[in-house]
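Visitor: this is the structure alone, sequence omitted:
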């Protein structure tokens, strides 16, 4: 996939702050860098609206949770790529559930009264994949482990989904999505993308769709 002028905002030397370093999908330190960046995109600040006085997530404890997720990615890339969409979906769901268990345990022990929902988990996992796709050991024209990756859902892509695919979608906020709502959205997007962009996977298409929708929204706000 060519990185067009819109998706340059995801380039590793900008988003990961590593310049021209050679990044490997099986190097835990490198992968953890991508996971930490994806954590910020998960909008963790919204979970702080309901917390006890003095509540605070200590950096070492958070790093431990994110390091576990990074380990899951390294393990994924160290093994043969999934052969089917169902195989990837199962792996993705397992990793999301594991992250939620670890992260919510951290929130609880840190004095937070809110818990993260499935929408948050899919965001950190899917955005991490977007960063990892820019790593140096990706074979051009042969994405392998990225073939069945999901279409990341956030406020921009959810609005696009409601406009183009499912106007009656009842999901209000991406961060509150359940697994059932999430996987239904993925399945409908797969069918839609196969018709309008048959030469791309949903994962590849999301790079372009997110960027186009983001700049449409930005330009509209500037015009107003």
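Guide: Everything's here; your move. On a predicted model such as this, the values are computed, not experimentally measured, just so you know.
Visitor: can you list the weak-confidence ranges in the chain?
Guide: Filtered on pLDDT under 70, the chain yields the residue ranges 1-21, 48-50, 136-143, 221-224.
Visitor: for it, longest helix please?
Guide: Selection of the longest helix in the chain by residue count, based on DSSP state H, yields helix 85-109.
Visitor: which residue is the nearest non-sequential neighbour of residue 214?
Guide: With sequence-adjacent residues excluded and distances taken as C-beta to C-beta, 6 or more residues apart in numbering, residue 214 is closest to residue 156, at 5.6 Å. (C-beta placed from N, C-alpha, C; glycine too.)
Visitor: and the helices in the protein?
Guide: Using DSSP H, the helices of the chain run over 12-15, 28-41, 59-78, 85-109, 118-132, 155-164, 179-196, 202-223.
Visitor: can I get these in JSON lines including mean neighbour count and distance to residue 144?
Guide: Shown next, in JSON lines, are those (neighbours: other C-beta atoms under 10 Å; distance: least, C-beta to C-beta, whole Å):
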{"stretch": "helix 12-15", "mean neighbour count": "16", "distance to residue 144": "19"}
{"stretch": "helix 28-41", "mean neighbour count": "20", "distance to residue 144": "16"}
{"stretch": "helix 59-78", "mean neighbour count": "16", "distance to residue 144": "9"}
{"stretch": "helix 85-109", "mean neighbour count": "16", "distance to residue 144": "12"}
{"stretch": "helix 118-132", "mean neighbour count": "24", "distance to residue 144": "12"}
{"stretch": "helix 155-164", "mean neighbour count": "16", "distance to residue 144": "24"}
{"stretch": "helix 179-196", "mean neighbour count": "16", "distance to residue 144": "19"}
{"stretch": "helix 202-223", "mean neighbour count": "15", "distance to residue 144": "12"}
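Visitor: would you reformat the ones you listed as JSON lines and include distance to residue 53?
Guide: Output for the helices of the chain, formatted as JSON lines (distance: least, C-beta to C-beta, whole Å):
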{"stretch": "helix 12-15", "distance to residue 53": "35"}
{"stretch": "helix 28-41", "distance to residue 53": "25"}
{"stretch": "helix 59-78", "distance to residue 53": "19"}
{"stretch": "helix 85-109", "distance to residue 53": "15"}
{"stretch": "helix 118-132", "distance to residue 53": "24"}
{"stretch": "helix 155-164", "distance to residue 53": "30"}
{"stretch": "helix 179-196", "distance to residue 53": "33"}
{"stretch": "helix 202-223", "distance to residue 53": "37"}
